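after the sequence you'll find the predicted model.
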Amino acid sequence: MIEQPVRTAEDVKVLRADRASDLGYVAAAVTRVVKHFGTRLPVIGFCGAPFTLASYMVEGGGSRHYLEVKKLMYNSPEVWDELVGKLVDVLVEYAAEQVRAGADALQIFDSWVGCLSVEDYRRYALVPTTQLIQRLQKKTHVPIIYFGTDSATLLPSMAETGAEVIGLDWRIPLDEGWRTVGHEHAVQGNLDPVLLFASWRELKQRAEHILRLADGRPGHIFNLGHGILPHTPVENVKDLAQFVHEFSSTAATPRRTQ
C-alpha cells in the first residue's frame, strides 16, 4: 500500500523526478546477479510502465475497478500527463542504471494496462510508454521487452511503441498474437503460470502446443504469463525449462514458408 495516494495537481507538483539514484540498490543487485552468472545466462533488467506505476500511486494499492485513476485521467488529463511525464524521467534513469550494471535487456511491465479500452490506452498510456521505450533504446542500446497483462485488444497499439519484443499473455493464442503485432517484432509468451500446478502430462502438452504455434519462427521467447506463483512445484519448473530447451534445439516443427 502507498502511504499517501497521488490524486491532485498539488500532489503531482511536489513529486521529484531527480532522485532515481535513491533506487541504486536495484542496480547493485543486478551487478551481483551478473557476476554470479557470468556469460552463462543473460540478465534482464526491469521497470514498471508509466501507466501501471501511476495507477498504483493514484489508487494507493491494488484495485478492482481502477476508479481513482480513471477519474484522474478523465477529469484532469493535464495532471495525468504531468504525472506520467515525471515517471518517464525517473524510469529512464532507473532502468539505464541497471544496464550500466550489466543487464543485457530491459523488460517493461504494464501489469494493469488491461483495464483500458483501446481508446483510453492510446490517449493515456501509449505516448508516455513510447517515450520511455525510445529514450531507453537511445540511452542503453539493449533490446526492450514490453509486456502487458490481459492486453489482447491492445496489441496493435502496443506494437506502435517500437519495443523490439512484445509480451503476449496466455489469453491469446501465440500465433494469433504474433500476427497481430507483426512478425517484425519478437514475441514473449505465453503459458498460464497456473498450469505449473497441473500434472506433467498436461503441462508438457500445453507447452508443446505453444511451441508448435510458434512454427519454428525465430524470435519467440517462451515465457510464463506473469511470473511464477507462490508454492509452484519446483520440479515442474525444472522439467518445463528442460523440455522447452530440448524441443527448441531439435526444431521439431520447421517453419512454414509464408
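That came through fine. Numbers count the residues shown, from 1 in each chain.

give me the neighbour count for Leu136.
When neighbours are counted by other CB atoms under 10 Å, Leu136 registers 23. (Each C-beta comes from the backbone N, C-alpha and C, glycine too.)

and the strands in this structure?
Using DSSP state E, the strands of the chain run over residues 44-48, 105-110, 144-148, 165-167, 186-188, 220-221.

mind putting those strands into a markdown table with distance to Thr180, mean neighbour count and mean pLDDT?
Below are the strands of the chain laid out as a markdown table (distance: least, CB to CB, whole Å; neighbours: other CB atoms under 10 Å; pLDDT from 0 to 100):
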| stretch | distance to Thr180 | mean neighbour count | mean pLDDT |
| --- | --- | --- | --- |
| strand 44-48 | 23 | 20 | 96 |
| strand 105-110 | 16 | 23 | 97 |
| strand 144-148 | 13 | 25 | 97 |
| strand 165-167 | 9 | 25 | 97 |
| strand 186-188 | 10 | 21 | 96 |
| strand 220-221 | 14 | 18 | 96 |
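
for the helix ranked longest in the chain, list the C-alpha coordinates in CSV.
The helix spanning the most residues in the chain, taking DSSP state H as the definition, is helix 77-100. The C-alpha trace of helix 77-100 is given here as CSV (Å, rounded to 0.1, in the frame of the first residue of the first chain):
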residue,chain,number,x,y,z
PRO,A,77,-5.9,14.9,-18.1
GLU,A,78,-3.3,17.7,-17.8
VAL,A,79,-2.4,16.4,-14.3
TRP,A,80,-2.2,12.9,-15.5
ASP,A,81,0.1,13.9,-18.3
GLU,A,82,2.4,15.7,-15.8
LEU,A,83,2.4,12.6,-13.5
VAL,A,84,3.4,10.1,-16.2
GLY,A,85,5.9,12.6,-17.7
LYS,A,86,7.7,12.7,-14.3
LEU,A,87,7.6,8.9,-14.1
VAL,A,88,9.2,8.6,-17.6
ASP,A,89,12.1,10.8,-16.5
VAL,A,90,12.7,8.6,-13.4
LEU,A,91,12.2,5.3,-15.2
VAL,A,92,14.7,6.2,-17.9
GLU,A,93,17.5,6.7,-15.3
TYR,A,94,16.4,3.8,-13.1
ALA,A,95,16.4,1.3,-16.0
ALA,A,96,19.5,2.7,-17.7
GLU,A,97,21.4,2.2,-14.4
GLN,A,98,20.5,-1.5,-14.5
VAL,A,99,22.0,-1.7,-18.0
ARG,A,100,25.2,0.0,-16.7
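
that older thread, wait, which of the strands of the chain is closest to Gly61?
Distance to Gly61, taken as CB to CB, is lowest for strand 44-48 among these, at 14.3 Å.

can you mark which positions in the longest helix of the chain are buried?
79-80, 83-84, 86-99 (16 or more other CB atoms under 10 Å).

what's the angle from it to strand 44-48?
Angle, helix 77-100 to strand 44-48, by axes from the mean of the first three to the mean of the last three CA atoms, to 10 degrees: 160 degrees.

hmm, who's touching helix 77-100?
If you take CB atoms under 8 Å, 6 or more residues apart in numbering as the criterion, helix 77-100 is touched by 6, 8-9, 12-13, 15, 17, 19-21, 23-24, 26-27, 30, 45-48, 50-51, 53-54, 57-58, 72-73, 106, 108, 123-125, 128, 131-132, 135-136, 139-140, 142.

got it, and stretch 243-251?
Identification of contacts with stretch 243-251 by CB under 8 Å, 6+ apart yields 204, 207-208, 211, 216, 222.

re earlier: now, which of the contacts of helix 77-100 lie within helices?
9, 12-13, 24, 26-27, 30, 50-51, 53-54, 57-58, 72-73, 123-124, 128, 131-132, 135-136, 139-140.
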